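>>> Fold the stuff below for me.
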Amino acid sequence: QESRGLGDVYKRQAMCLYLLGETINITRILKELGEKSTFLRNIRYTLIGFFFSSITPAASGGQPMEIYYMHKEKIAVANSTLALLVHLTSFQIVTITLGILSTILHFEIVKSGLIYLVVLGILLNSTALTLLAISIFSKRLSKGLINFAVKVLRFFRIPNIEKKQESLEKELEKYQESAVYIKEHKKLMIKTLVTTFIQVIIYYSIPYWVYLAFGFTGYNFFQIVTLQAMLYATVSGIPSPGAVGVSEGAFIEIFKGVFPATMMNSAILLNRGASFYLFVIISAIITTITALKTKNLKQKQEWLTKAQRDAASSHKIFEERYEECQNEKIQISAAHTAYTVALTLCHLAGLSNYENIKINEKAIENLYLALSSPYNSIEFIKRDKAYNYNNVVETTISTLAADMTLISNDKLKDHVTELINCLLYTSDA
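Numbering: from 1, shown residues only. Alright, predicted model coming up:
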């Protein structure tokens, strides 16, 4: 009874830990490459990757969509690509090694018809591993891929090809620099391999927890994990979305000595439900929410950018009018439009999580300019609840004061120090 309870709990937890393993690897590699990405955001990328891998042939859609959403959130394409390739390479090394060892251990099970599928699966995965290694470390191949991409763009008469080629070559240069860093820091690769090994063992343990959930005790953890390793090696190379149908058929052949025939359908349902279908649903929900948020975020950024441009134009007109007639009311309008420019830039900086240094600097520059007017003040900004919602101005000042690396200009760093002092002074008063 106790083993049944453990099986019910751990079969779901195992899949959660499996996905966390990939998140840990991505977080570690991105951090080493100088990218600022939180663990929660990386969990989201992992779930997006899982969803698109599950619905595309040979799991080909997962990594490109992860790179797309990382790029949307200001992570360099070169670094996100390398992080995912390094993780995928370590994953292939672990699964191929475990697949070969498990096939040797359980050769009696596969020596009939399944051996051909096992060999095919291992060969396909080994080929993929070789291509991954070349794509990470071969500058010539990467350059060739860019030239091929440019030829395709020319064939379809895509405009601004030279600009796109220049952008691709810059990304390639950054990618190669990051690849050199990975080669020189072997400890990072070892950590990634160790994490991946634990991740894969946890994933392969799901049939064992299903086995316990039925109350069976004849087979141990090691036996079932190695059977699952052999199953994965058999089906992972087959270009079918989520290996649907193929996985179920191979499961019957490989586990027919483990689960009684009367329980086999239930075992397949529980195993695939916990390791695939449940998380396809969860990842689909996360992907949908992310897509909607990305769309709303883009619309908000476009609106704020337009508002900033309009406010900047108005400010310029008021400044010119004031120079002509020295009217105080016009001067007040000029001061308030300067504040509006700064406010919209603070909102834009917040939407990019303060990762866009150029916007951060423009926000501080315009905020300092706006507050230099006697008609604007910190007290005035604090009273503005309608447009300074979520206290975005104070948040911008505090965030940039806490991490000066978010600004590169020394003069603007001094402005941040002055602004935070003003903020603290008015709070004390």
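>>> what's the helix or strand hosting Thr287 packed up against?
For Thr287, the enclosing helix or strand under DSSP states H and E is helix 278-325. Contacts defined by 3 or more CB pairs under 8 Å, 6 or more residues apart in numbering; DSSP states H and E place helix 278-325 against helix 2-32, helix 39-55, helix 62-72, helix 328-351. C-beta: built from backbone N, CA, C; applies to glycine.
>>> Read off the pLDDT value for Gln63.
pLDDT for Gln63: 81.
>>> ditto for the one 10 residues further on
Per-residue confidence for Glu73 comes out at a pLDDT of 79.
>>> what's the neighbour count on it?
Other residues within reach of Glu73 by the criterion other CB atoms under 10 Å amount to 19.
>>> try Leu297
For Leu297, the tally of surrounding residues (other CB under 10 Å) stands at 14.
>>> what pLDDT does it get?
Leu297 is assigned 76 on the pLDDT scale.
>>> surely it meets Leu351?
Yes: in terms of CB atoms under 8 Å, Leu297 counts as a neighbour of Leu351; the distance is 6.3 Å.
>>> if we can go back for a sec, quick one, which of the helices and strands packed on helix 278-325 is nearest to Ile109?
Among these, the nearest to Ile109 by CB to CB is helix 2-32 (22.7 Å).
>>> For that closest one, give the mean pLDDT please.
Over the span of helix 2-32, the pLDDT mean works out to 77.
>>> correct me, but Pro207 touches Gln228?
Yes: counting by CB under 8 Å, Pro207 sits close enough to Gln228 to count as a contact (5.1 Å).
>>> Quick one: closest of the helices and strands packed on helix 278-325 to His185.
The closest of the helices and strands packed on helix 278-325 to His185 is helix 2-32. By CB to CB, the value is 6.9 Å.
>>> start to end distance for stretch 27-39?
The first and last residues of stretch 27-39 sit 6 Å apart, counting by CA to CA, to the nearest Å.
>>> same question but for stretch 52-71, I mixed them up
End-to-end distance of stretch 52-71: 17 Å, with CA to CA as the criterion.
>>> Could you tell me how far that stretch lies from the centre of the chain?
Here stretch 52-71 is found 11 Å from its chain centre; the criterion is CA atoms, centre = their mean, to the nearest Å.
>>> Poorly predicted segments of the chain, please.
Scanning the chain for pLDDT under 70 picks out the ranges 1-12, 58, 112-113, 132, 134-150, 152-179, 239-245, 426-429.
>>> Residue most distant from the centroid, it?
Here the chain reaches farthest from its C-alpha mean at Cys325, the gap being 55.0 Å by CA atoms, centre = their mean.
>>> who's in contact with that residue?
Residues near Cys325 by CB atoms under 8 Å, 6 or more residues apart in numbering: none.
>>> so how far is Tyr339 from it?
Look at Cys325 and Tyr339: by CB to CB, to the nearest Å, they are 22 Å apart.
>>> Please determine how far Leu82 is located from Tyr68.
Leu82 is 16 Å from Tyr68, where distance means CB to CB.
>>> Name the residue in these two with the higher neighbour count.
Leu82 (24 against 15).
>>> Now the more buried one: which helix or strand?
Following DSSP H and E, one finds Leu82 within helix 77-105.
>>> Check which element follows that helix along the chain.
helix 107-110.
>>> List the contacts of stretch 405-425.
Under the contact criterion CB under 8 Å, 6+ apart, stretch 405-425 has outside partners 354-355, 357, 360-361, 364-365, 367-368, 371, 378, 394, 397-401, 404.
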